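In: Please work out how this folds:
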Amino acid sequence: MNTHSSSNWTFITGGARSGKSRYAQELAEALSPNPVYVATARRWDEDFEQRIRRHQADRHNGWQTIEIDKNLASIEQKNQPIIIDCITLWLTNLFVDNGYDLELCLAEAKREIDQLKVTPGCYFIVSNELGMGLHAETETGRKFTDLQGWVNQYIAARSENVVLMVSGIPLVVKSTKLRKA
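Out: Take a look at the predicted model:
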């Protein structure tokens, strides 16, 4: 694996259980036997504990896992590919910690994204397309769906590659340097 002197992002988005994480892992493993997995989930309840265990079981022992729930810009540059999984859970942490204030959360998210973008490395960034699902029943849910959509747009605009996962199939939306898995 070559040392990355610049930042190269592949943004992988799609619905729940669309194969986003699996595809990101395949891309990272094709580049290195020892990729880095940045887990953003907090352990909110037993359901999240089970999700975390399932994701951990999907990775072989060669993976290095780092848990970062807010400060993505703190990721130290590695010579291995890095998966950030996922932006939706990371945004949830920011949203809760900012008292569900959409503007504060969006500003903090953009700051973190901008700081991460100047960090050299090969990143696979996983997120959900919430706006393509059910309409949220609550005002807070609708605000979060809007936030997710704006942050996805912000990341996609800064990514060299964008992939939409549909039923486990990657659809390349934007490609400047996409490597095959």
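
In: could you pull out the strands for this structure?
Out: 7-14, 36-39, 64-67, 82-85, 121-128, 161-166, 169-175 (DSSP state E).

In: Now for residue 84: which residues touch it?
Out: 38, 40, 72, 75, 90, 123, 124, 125, 126 (Cβ atoms under 8 Å, 6 or more residues apart in numbering). Quick note: C-beta positions are derived from backbone N, CA and C, even for glycine.

In: Adding distance to residue 102, write those out as TSV.
Out: As requested, these are exported to TSV (distance: Cβ to Cβ, whole Å):
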residue	distance to residue 102
38	24
40	19
72	19
75	25
90	16
123	25
124	27
125	21
126	22
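
In: of all the strands of the chain, which lies closest to residue 30?
Out: With Cβ to Cβ as the criterion, residue 30 lies closest to strand 121-128 of the strands of the chain, at 10.8 Å.

In: Throw the strands of the chain into a markdown table and include distance to residue 26 and mean pLDDT, thanks.
Out: Formatted as a markdown table, the strands of the chain follow (distance: least, Cβ to Cβ, whole Å; pLDDT from 0 to 100):
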| stretch | distance to residue 26 | mean pLDDT |
| --- | --- | --- |
| strand 7-14 | 11 | 94 |
| strand 36-39 | 13 | 94 |
| strand 64-67 | 17 | 91 |
| strand 82-85 | 11 | 96 |
| strand 121-128 | 10 | 96 |
| strand 161-166 | 11 | 96 |
| strand 169-175 | 9 | 95 |
